[in-house]
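*Asks:* got a structure for you, letters missing:
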């Protein structure tokens with residue numbers, strides 16, 4: 001039973017610590033986190049999206065010149 005009480009105490013302390021921080025500090029901390037895609041896959045999703053965008057714009061340029 002003591003471990004359950006310790007867990008509740010720890011969670012309560014963490015919540016109180018979070019709530020006592022000013023809102024702008026919490027927002028700044030959230031903004032500096034990298035996205036889950038970048039964390040898991042690195043620059044691969046970004047490079048893939050750039051490749052898709054460039055291929056789509058290339059298709060438009062070819063259709064416009066016809």
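*Replies:* Cool, the structure landed. Nothing here was measured: the structure is a model prediction, and the numbers come from that model. Residues are numbered from 1 along each chain as shown.
*Asks:* contacts for whichever strand or helix holds residue 12 next, please.
*Replies:* Using DSSP states H and E, residue 12 sits in helix 2-20. The contact list for helix 2-20 (Cβ atoms under 8 Å, 6 or more residues apart in numbering) reads residue 26. All C-beta spots, glycine's among them, are computed from the backbone N, C-alpha and C.
*Asks:* next helix or strand past it?
*Replies:* Assigned by DSSP H and E, the successor of helix 2-20 is helix 23-31.
*Asks:* show me what the helix or strand following that next one is packed against.
*Replies:* Note on helix 23-31: by DSSP H and E, the next helix or strand toward the C-terminus is helix 36-41. Taking 3 or more Cβ pairs under 8 Å, 6 or more residues apart in numbering; DSSP states H and E as contact, the helices and strands that helix 36-41 lies on are helix 44-65.
*Asks:* okay, the angle between the helix holding residue 12 and helix 23-31?
*Replies:* Following axes from the mean of the first three to the mean of the last three Cα atoms, to 10 degrees, one obtains 110 degrees for the angle between helix 2-20 and helix 23-31.
*Asks:* walk me through the domains of this protein.
*Replies:* Per the record, the chain has its domains at 1-33, 37-66, by automatic domain parsing.
*Asks:* pick out the shakiest of these, pLDDT-wise.
*Replies:* Mean pLDDT is lowest for domain 37-66 among the domains of the chain, at a mean of 76.
*Asks:* that domain: how far from the chain's middle?
*Replies:* Counting by Cα atoms, centre = their mean, to the nearest Å, domain 37-66 is centred 21 Å from the centre of its parent chain.
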